[in-house]
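Colleague: heads up, no residue letters with this:
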């Protein structure tokens, strides 16, 4: 009996091994698609859910997503990996890295990839300010993914206590409200300075007020663009922000403190931050909160804001079956139902008109009115050369310079005009280096 039992157990183990081997082989047959992305926290968890849903939707490809740090760290990892042929098949790259990616020689344009793999995507259905940024000569270079724009978040309870029903729609009116919040002792922190203030309070300030940030339509017209924001109302905007900081109306978050947490905790009554802050605000704010479009200067007809966030890029150097998997994933992400889910889960704007229309038809924005603010702000009016976006070479480096010079303003080491002049001069040196490197390409 014992020998029979042993043989039976051995037989079962062998059968189990065969079954496991078959399952393993089946899993191994899936083509792995490596994706490096750059968003973390609650948003990163949603990225992993997106990956899981795609993998479950078919049995041919398996996307493997890896968080590589912030956008700059992810880009640096990509450059290092590409040099030794260990690059991912997909890279999530921020909008200010657009020109770097476009001229890198390392990407497969999205329209070329999709056409080659037999997918038909209606690129004209993408929301105009979003598509306009990533489309070159009528064709998309990358797939718009997590697109956002800054909006004004506010504590409705605090504003009401100061005697206001809603934020003013001009900077001049908002200034009066912020000072009233402090003078009436409603709060010691009327507004928090966002971590990416150069995007929201300088770049988007320029776009909304139809001010040129650079020549050649902010770089759309050629690599010989030059920064000119030191000659516009940006100078007055920086002086305004400096005054607010000095007067205790605008608070700079301490080291290691996320500015948005100053708002969600109730410490500060407002902040101008990405619409993607929805997930954090909805989870953490214990007061009556709301949001509004960004303010504009008095006497100005406001234009659209510009997009932030990132796009998905297909990277060269991968086998045909991997490229086919990248195309399949891009096609999945572009579906209206997926776009709708992604927007609801994150607060990013739906990048296609079809997804937006479906959400509107289903009544989603009636129950979540603040989710529509970004879309309305992005779609406001017809984009001008000053408002459709920014295409500057090595934009990350130029941004780092701007941040450094603004820090000198906040600490009183430089006057606004002096700092902006220096930022423009140094930034233009970066642009000339980039132009020289890519001349004729």
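Modeller: Happy to help now that I have it. Quick caveat, the model's predicted, so the values are computed rather than measured. Residues are numbered from 1 along each chain as shown.
Colleague: and residue 390, what does it touch?
Modeller: By C-beta atoms under 8 Å, 6 or more residues apart in numbering, the contact set of residue 390 is 95, 96, 203, 213, 214, 218, 219, 306. From N, CA and C alone the C-beta is placed, and that goes for glycine too.
Colleague: hmm, which two among the residues you listed are most spread apart?
Modeller: Taking C-beta to C-beta as the measure, the contacts of residue 390 span a maximum distance of 15.1 Å, between 95 and 214.
Colleague: where do the helices sit along the stretch 301-441 of the chain?
Modeller: 320-333, 336-346, 353-361, 364-367, 370-378, 395-410, 416-438 (DSSP state H, counting those that start in this stretch).
Colleague: which strands and helices lie in contact with the fourth one?
Modeller: On a contact count with 3 or more C-beta pairs under 8 Å, 6 or more residues apart in numbering; DSSP states H and E, helix 364-367 meets helix 370-378.
Colleague: what of the last one?
Modeller: Identification of packing neighbours for helix 416-438 by 3+ C-beta pairs under 8 Å, 6+ apart yields helix 234-246, helix 395-410.
Colleague: where's residue 191 relative to residue 269, distance?
Modeller: Here residue 191 is placed at a distance of 7 Å from residue 269 (C-beta to C-beta, to the nearest Å).
Colleague: show me what contacts the residue nearest in space to the middle of the chain?
Modeller: Computing the C-alpha centroid of the chain and ranking residues by C-alpha atoms, centre = their mean puts residue 309 first, at 1.1 Å. Going by C-beta under 8 Å, 6+ apart, residue 309 touches 94, 95, 145, 146, 147, 148, 274, 276, 348.
Colleague: highest neighbour count among the residues you listed?
Modeller: residue 348 (30 neighbours; other C-beta atoms under 10 Å).
Colleague: ok, the spatially closest residue to that residue that is not a sequence neighbour - contacts?
Modeller: In this structure, residue 348 finds its nearest non-sequential neighbour in residue 146, 4.7 Å apart by C-beta to C-beta, 6 or more residues apart in numbering. Residue 146 makes contacts with 39, 43, 92, 276, 309, 310, 342, 346, 348, as judged by C-beta under 8 Å, 6+ apart.
Colleague: now swap in residue 113 and tell me
Modeller: Neighbours of residue 113 in contact, by C-beta under 8 Å, 6+ apart: 314, 323, 326, 327, 330.
Colleague: now neighbour count and pLDDT too, for these, in CSV please.
Modeller: Shown next, in CSV, are these (neighbours: other C-beta atoms under 10 Å; pLDDT from 0 to 100):
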residue, neighbour count, pLDDT
314, 25, 97
323, 21, 97
326, 29, 98
327, 24, 97
330, 21, 97
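Colleague: residue 188 and residue 178 touch, don't they?
Modeller: No: under the criterion of C-beta atoms under 8 Å, residue 188 is not in contact with residue 178, lying 12.0 Å apart.
Colleague: of the two, who's got more company?
Modeller: residue 178 (23 against 13).
Colleague: would you mind measuring from the closest residue to that one other than its chain neighbours to residue 388?
Modeller: Residue nearest to residue 178 in three dimensions, not counting chain neighbours: residue 190, with 4.0 Å by C-beta to C-beta, 6+ apart. According to C-beta to C-beta, residue 190 stands 32 Å off from residue 388.
Colleague: try residue 147
Modeller: For residue 147, the distance to residue 388 - C-beta to C-beta - is 14 Å.
Colleague: got it, and residue 72?
Modeller: 24 Å.
Colleague: what about those two, which has more around it?
Modeller: Neighbours were counted for residue 72 and for residue 388 using other C-beta under 10 Å; residue 388 has more, 21 against 15.
Colleague: need the contact list for that one.
Modeller: Counting by C-beta under 8 Å, 6+ apart, residue 388 has contacts 129, 132, 133, 217, 218, 220, 304, 306.
Colleague: same check, this time on residue 85
Modeller: Applying C-beta under 8 Å, 6+ apart, the residues near residue 85 are residue 317.
Colleague: could I get the pLDDT score of it?
Modeller: You'll see residue 85 listed with a pLDDT of 94.
Colleague: low-confidence stretches in this protein?
Modeller: 1-28, 440-441 (pLDDT under 70).
Colleague: hang on, residue 158 in a strand?
Modeller: No: if the criterion is DSSP: H, G, I helix; E, B strand; the rest coil, then residue 158 is helix and not within a strand.
Colleague: nearest residue to it in space, please, no chain neighbours.
Modeller: Of all residues not flanking residue 158 in the chain, residue 269 sits nearest, at 4.1 Å (C-beta to C-beta, 6+ apart).
Colleague: what distance do you get for that neighbour to residue 177?
Modeller: Distance from residue 269 to residue 177, by C-beta to C-beta: 9 Å.
Colleague: who has more neighbours, these two?
Modeller: A side-by-side neighbour count of residue 269 and residue 177, using other C-beta under 10 Å, places residue 269 first with 29 against 20.
Colleague: ok, back up a step: overlap in contacts, residue 191 and residue 269.
Modeller: In contact with both residue 191 and residue 269: residue 178, using C-beta under 8 Å, 6+ apart.
Colleague: so what's the residue nearest to residue 191 when sequence neighbours are not counted up against?
Modeller: Spatial nearest neighbour of residue 191, chain neighbours left out: residue 270 (4.7 Å); criterion: C-beta to C-beta, 6+ apart. When contacts are counted by C-beta under 8 Å, 6+ apart, residue 270 touches 152, 153, 154, 155, 167, 178, 190, 191, 192, 263.
Colleague: is it true that the last one lies in a helix?
Modeller: Right, residue 263. Yes: counting by three-state DSSP, residue 263 is found in a helix.
Colleague: quick one: it from residue 378, how far?
Modeller: Per C-beta to C-beta, residue 263 is found 22 Å from residue 378.
Colleague: more neighbours: which of the two?
Modeller: Between residue 263 and residue 378, counted using other C-beta under 10 Å, the more crowded position is residue 263 (29 against 22).
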